[in-house]
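Chemist: the following comprises the amino acid sequence and a computationally predicted model.
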Amino acid sequence: MNEQQKAKLARLLHVQKQKAEEQERMRLVAEVLNSFDIRDDVFPLTKEDGDLIMNEFVQTFPIAEWGRIDWEKVKNKVKIKDWNTGSIKDVLRIQGFDLTQQAYLLYSSGDFPFVKTSVQRILSNFEELTWIGWDQFIYCPTSRYVIEYFHDGDITIGWY
């Protein structure tokens, strides 16, 4: 095989790999979107936009080396003991947070796409969403708070 044929083969393999990656991404987007009862206001982020939001998130909240928020460094926080979405909503309302604000659902594991929607929409579908991936964050940059759902069932809300 000459150099020209090798280069052509390499380009074809690269294109094939890109198509496979895009198909996998579309499958994961569909899996996340299918977890929402209403999808009109749920927007999957591109990888690039997701990276930007994740960078903003980790600059706002301290992340421990094991991937969780370092809650010892967050002054304002509430741990939800007997969790349900009503308890989470109650804590947010007591703190004066607007549940209709835009927030981001971030996954710390897997390749699931991050989504942008309202806090209310995420919480309305929270139980279904927890089946997709563990170690999730609902990050609201406008009000500077986060809800961390850890795979062992811990839910903690923190804000600045």
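Modeler: Everything's here; your move.

Chemist: number of nearby residues for the closest residue to residue 37 other than its chain neighbours?
Modeler: Leaving aside its sequence neighbours, residue 37 sits nearest to residue 125 (Cβ to Cβ, 6 or more residues apart in numbering; 6.0 Å). From N, CA and C alone the C-beta is placed, and that goes for glycine too. Around residue 125 there are 19 other residues, counting by other Cβ atoms under 10 Å.

Chemist: again with residue 25
Modeler: Using other Cβ under 10 Å, residue 25 has 16 other residues around it.

Chemist: and what of residue 57?
Modeler: 18.

Chemist: one more: the one 10 residues further on?
Modeler: Summarising burial for residue 67: neighbours were counted as other Cβ under 10 Å, giving 10.

Chemist: show me what contacts it?
Modeler: Residues near residue 67 by Cβ atoms under 8 Å, 6 or more residues apart in numbering: 108, 109, 135.

Chemist: show me the contacts for the second one.
Modeler: Applying Cβ under 8 Å, 6+ apart, one finds that residue 109 lies in contact with 67, 133, 134, 135.

Chemist: wasn't it part of a strand?
Modeler: No. Assigned with DSSP: H, G, I helix; E, B strand; the rest coil, residue 109 falls outside any strand and is coil.

Chemist: looking at the contacts of residue 109, spot the one nearest residue 19.
Modeler: Checking the contacts of residue 109 against residue 19 with Cβ to Cβ, the nearest one is residue 133 at 24.2 Å.

Chemist: does that closest one touch residue 113 like I think?
Modeler: No. Residue 133 is not in contact with residue 113 according to Cβ atoms under 8 Å; the separation is 10.6 Å.

Chemist: center of the chain, which residue is that?
Modeler: residue 106 (1.3 Å; Cα atoms, centre = their mean).

Chemist: can you get me a residue count around residue 112?
Modeler: Count around residue 112 with other Cβ under 10 Å applied: 21.

Chemist: now the lengthiest helix in the chain, how far from the centre of its chain.
Modeler: Longest helix in the chain, counting residues (DSSP state H): helix 3-33. Distance, stretch centre to chain centre, for helix 3-33: 24 Å (Cα atoms, centre = their mean, to the nearest Å).

Chemist: what is the very next helix or strand once past it packed up against?
Modeler: On the C-terminal side of helix 3-33, the closest following helix or strand by DSSP states H and E is strand 43-44. Under the contact criterion of 3 or more Cβ pairs under 8 Å, 6 or more residues apart in numbering; DSSP states H and E, strand 43-44 touches helix 3-33, strand 115-118.
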